[in-house]
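Q: Fold the stuff below for me.
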Amino acid sequence: MKNRKELILPAIVVVLLAGVAGWILVSYGGKFALYNDLYNNGVRTRAVLIQKGVFKDGRLLQSKITDQSDDHRFLVGFRTKEGDEAICRLSVSKRTYDVIGKRDQLGIAYLPSDPSKCTLPHSLGYTRILVMSMTGVGVFLLLIAAGFCFYIYSSFRKPGQGNPVTLTTNLGIDDGAVLCPRCREEMMEGYIPTAGGITWRNRDDPVGIPTILTGLPGTKFFLKRPRLHAYRCEACRIVTFKYGK
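A: The predicted structure follows:
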């Protein structure tokens, strides 16, 4: 593949999109299922705070002074609607952590199928929407990455034998060879795929600020990328092409 260097940037974009999407789905996908289940099937009850602390390195460390960025956790005990005793651990905000003390009561919502899964009911709706939104963002980014992969594949797929690329313009030179205006050697036929447009200036015009809106007619890429019929002299670095229609 002569233009394999053109794959580097698109490949980096795809990897970044897929990586971010994967991280979001791993981080929030399981949480969405949990909070959605708690929202629809959770049972509300009163629990007693057994222990509180900051979750760090896989352990719950008791601390009275904490930072806003710490992972604040409560270990609470309660009785299920079947009369069984249960214990669950839940994450709380620093404000809740500072206000509620050991042996205080607080309201929780737990899963009847697994009482060890619980949360604070007043934040359940907001947390469910937040987790659902983040999961949706992950799915959206994954779809973009998949669509970008298809776009790259279709852009780099070689046309079938005897089925050359359809050109947007045509120089109208059907017979004979096209000679380089400098060395008078035969030029190679091909095309120029444009995206941001090709901007033209007369010798006495300022450079200005070229944009896609100021490109020559037929060189701007909106829905379908233009493919300008061209001839190239590799030795002299000269290209002759047709723009417009």
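Q: Which strands or helices does the helix or strand bottoming out on mean pLDDT in the chain pack on?
A: One helix or strand of the chain scores below all others by mean pLDDT, DSSP states H and E: strand 59-61, with a mean of 84. Judged by 3 or more CB pairs under 8 Å, 6 or more residues apart in numbering; DSSP states H and E, strand 59-61 is in contact with strand 43-56. Just so you know, the C-beta spots here come from the backbone N, C-alpha and C atoms, and that holds for glycine as well.
Q: Show me which positions of the strand it packs on end up buried.
A: 43, 45, 47, 49, 52-54 (16 or more other CB atoms under 10 Å).
Q: Sheet-wise, list the partners of it with their directions.
A: strand 59-61 (antiparallel), strand 72-79 (antiparallel), strand 105-111 (antiparallel) (DSSP bridges).
Q: And the contacts of the shortest one?
A: By CB atoms under 8 Å, 6 or more residues apart in numbering, the residues outside strand 59-61 that reach it are 51, 53-55, 73, 75, 89.
Q: now swap in stretch 182-201 and tell me
A: Contacts of stretch 182-201 (CB under 8 Å, 6+ apart): 165, 167, 177-180, 207-208, 210-216, 219-221, 225-236, 238-241, 243.
Q: okay if I get the buried residues of strand 43-56 as JSON lines plus distance to residue 197?
A: Shown next, in JSON lines, are these (distance: CB to CB, whole Å):
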{"residue": "43", "distance to residue 197": "62"}
{"residue": "45", "distance to residue 197": "65"}
{"residue": "47", "distance to residue 197": "65"}
{"residue": "49", "distance to residue 197": "65"}
{"residue": "52", "distance to residue 197": "62"}
{"residue": "53", "distance to residue 197": "61"}
{"residue": "54", "distance to residue 197": "56"}
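Q: Tell me the one of these nearest residue 123?
A: Nearest to residue 123 among the buried residues of strand 43-56: residue 47, at 15.1 Å, using CB to CB.
Q: wait, what's in contact with that closest one?
A: When contacts are counted by CB under 8 Å, 6+ apart, residue 47 is found next to 76-78, 88, 105-108, 118.
Q: Distance of it relative to residue 189?
A: Residue 47 sits 78 Å away from residue 189, taking CB to CB, to the nearest Å as the criterion.
Q: try residue 77
A: For residue 77 relative to residue 189 (CB to CB), the value is 81 Å.
Q: Counting neighbours, what do you get for residue 240?
A: Look at residue 240: counted by other CB atoms under 10 Å, it has 15 neighbours.
Q: The residue nearest to it when sequence neighbours are not counted - how many residues pack around it?
A: Nearest residue to residue 240, sequence neighbours excluded (CB to CB, 6 or more residues apart in numbering): residue 231, at 5.0 Å. Residues lying near residue 231 (other CB under 10 Å) number 21.
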